[in-house]
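Trainee: Take this sequence and fold it.
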Amino acid sequence: MQLMEGATVPHGSAVHQRGILPDQMIGALVKGGVIIPAYALDTDQIQPASLDLRLGEVAYRVRASFLPGPRSTVAERIDDLKLHEFSLAEGAVLETGCVYIVPLIESLALPDDVAASANPKSSTGRLDVFTRVIADKTRGFDRIKAGYHGPLYAEISPKTFPVLVREGSRLSQIRFRHGNALLDAEALRALHARERLVDDDDVDVSEGVAISVDLLGPYASSPADGNDSVIGYRAKRHTGVIDVERRAGYDVAEFWEPIKARRDETLILDPDEFYILASKEAVQVPPDYAAEMVPFDPLVGEFRVHYAGFFDPGFGYAGAGGRGARAVLEVRSREVPFILEHGQIVGRLVYEGMLERPKSLYGASIGSNYQAQSLKLSKHFKT
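Mentor: Model prediction:
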């Protein structure tokens with residue numbers, strides 16, 4: 001297998017012949033000039049199966065979201081659509097309801113056998129900041145084809161809270177993959193039998209591990225006695241600004257309304273409101289695999305679940321400090337009210353093999369904010 005000089009997997013060391021590149025191989029991509037940062041990476045920027053992407057020094061407010069298409073660069077489309085540009089060097093507030101494009105500090109020179117995909121970071125999704133990565137001459141968001149040489153850009157649109165960002169802020173992450181290592185139903189069933197991916201022996205794995213919503217909370221065994229548990233949060237409107245670099249700096253009550261469990265085990269999603277909920281299942285990702293949350297059914301258009309879908313090797317894994325972890329669900333309703341029911345399937349967790357086991361696992365030797373989590377807001381709020 002040849003990825004590039006300095007990133008070739010030594011004979012016999014590969015976990016899978018196709019799959020996601022781990023942290024040590026991402027480091028080799030940087031050294032080999034495949035990942036090209038304008039200046040040196042931060043020491044904690046490389047994650048077990050992804051690389052955090054940093055905002056550059058200038059932002060553009062544009063009239064509308066766009067894709068460049070096969071004949072245009074993103075810079076050309078910015079020239080056509082920009083309303084104004086401003087510096088992020090000292091920080092700037094991105095307002096709700098606006099669309100911004102920010103060139104990223106990292107660019108790529110991918111070899112012909114390595115492709116990439118991007119996703120918002122967990123903390124970005126939990127703030128309802130809609131973020132996607134764009135590359136030149138592409139027809140889709142968050143997907144970079146093998147062999148791509150060029151810059152990367154972030155499209156950012158805060159939906160609920162205005163956010164303060166600056167040059168170097170990290171809102172997105174990118175994964176690199178060699179070939180297709182997505183597990184089919186048979187392989188996923190075998191992996192679940194070995195590793196117990198979720199705490200449900202009868203889980204549906206036909207198109208990925210089925211993930212359902214928890215609307216009862218910790219007292220699910222006795223709802224008739226009156227369940228006072230908080231099963232989620234609904235975002236408040238007209239709040240203050242959230243600095244994306246500030247940890248544990250904001251009171252929950254200033255930004256969120258707690259949602260209590262109901263005896264009828266339902267929740268009505270109001271149109272255009274944003275919710276943080278949790279999965280009923282506790283999930284884990286073994287060290288030799290990475291996972292991603294995908295929509296359960298694209299035909300169910302009443303709500304969107306999980307903006308930020310990457311789950312790193314070691315997430316919820318007992319050997320990395322977890323005993324299964326709930327998937328936190330970022331839920332936004334659409335045009336009409338929609339009733340969720342306890343246990344309703346809202347997404348699927350698909351698994352891919354790693355080319356090699358990462359040197360660092362999520363929750364083990366790196367600072368991981370959401371290991372062994374249950375219902376949890378982003379790291380910006382006091383616990």
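Trainee: So what does I36 have for phi and psi?
Mentor: Main-chain dihedrals, I36, degrees, to the nearest 10: phi -120, psi 90.
Trainee: What helix or strand is the residue nearest to it when sequence neighbours are not counted located in?
Mentor: Excluding its sequence neighbours, the residue lying closest to I36 (C-beta to C-beta, 6 or more residues apart in numbering) is S107, at 4.7 Å. Glycine gets a C-beta too; all of them are placed from N, C-alpha and C. S107 belongs to strand 99-109 when elements are defined using DSSP states H and E.
Trainee: Was I right to think M354 contacts A291?
Mentor: No. If you go by C-beta atoms under 8 Å, M354 and A291 don't touch, sitting 10.8 Å apart.
Trainee: So which of those two has more stuff around it?
Mentor: The neighbour count for M354 versus A291, taken as other C-beta atoms under 10 Å, is higher for A291 (27 against 24).
Trainee: Surely that one touches G353?
Mentor: No. With contact defined as C-beta under 8 Å, A291 and G353 do not form a contacting pair (10.9 Å).
Trainee: what helix or strand is the residue nearest to I101 when sequence neighbours are not counted on?
Mentor: Distance criterion C-beta to C-beta, 6+ apart; nearest residue to I101, sequence neighbours excluded, is Y60 at 4.7 Å. Element membership for Y60, per DSSP H and E: strand 58-62.
Trainee: buried sites along that strand?
Mentor: Neighbour counts over strand 58-62 (16 or more other C-beta atoms under 10 Å) mark A59, Y60, R61, V62 as buried.
Trainee: Could I get the phi/psi values of I211?
Mentor: phi -120, psi 130.
Trainee: Pull up the gap between it and A115, please.
Mentor: 25 Å (C-beta to C-beta, to the nearest Å).
Trainee: Which of the two has more residues huddled nearby?
Mentor: I211 (25 against 19).
Trainee: buried residues in the strand holding S107?
Mentor: V99, Y100, I101, V102, P103, L104, I105, E106, S107, L108.
Trainee: just checking, the last one touches G150?
Mentor: Yes. Counting by C-beta under 8 Å, L108 does reach G150; the two are 6.8 Å apart.
Trainee: Now do the shared contacts for these two.
Mentor: A135 (C-beta atoms under 8 Å, 6 or more residues apart in numbering).
Trainee: For stretch 175-184, measure first residue to last.
Mentor: End-to-end distance of stretch 175-184: 20 Å, with C-alpha to C-alpha, to the nearest Å as the criterion.
Trainee: Could I get the buried residue list for it?
Mentor: By 16+ other C-beta under 10 Å, the buried positions in stretch 175-184 come out as R175, F176, R177, H178, G179, A181, L182, L183.
Trainee: Show the contacting residues for the fifth one.
Mentor: Pointing back at G179 there. Q17, R18, G19, D113.
Trainee: tell me which of the residues you listed is nearest to D251?
Mentor: D251 has its nearest neighbour among the contacts of G179 in G19, at 42.4 Å by C-beta to C-beta.
Trainee: what's across from that closest one in the sheet?
Mentor: Counting by DSSP bridges, G19 is bridged to H178.
Trainee: mind checking how far stretch 140-149 is from the chain centre?
Mentor: Its chain's C-alpha centre and that of stretch 140-149 lie 17 Å apart, by C-alpha atoms, centre = their mean, to the nearest Å.
Trainee: next one: stretch 281-289
Mentor: Computed by C-alpha atoms, centre = their mean, the chain-centroid distance of stretch 281-289 equals 15 Å.
Trainee: can you list the residues that contact it?
Mentor: With C-beta under 8 Å, 6+ apart as the test, stretch 281-289 has contacts from 15-16, 183, 191, 195-200, 203, 209, 211-212, 291, 311-320, 322-327, 349, 351-354, 357-358, 361-362.
Trainee: Any of these buried? List them.
Mentor: Among those, those buried by neighbour count (16+ other C-beta under 10 Å) are 15-16, 183, 191, 195-198, 200, 203, 209, 211-212, 291, 311-317, 320, 322, 324-327, 349, 351-354, 357-358, 361-362.
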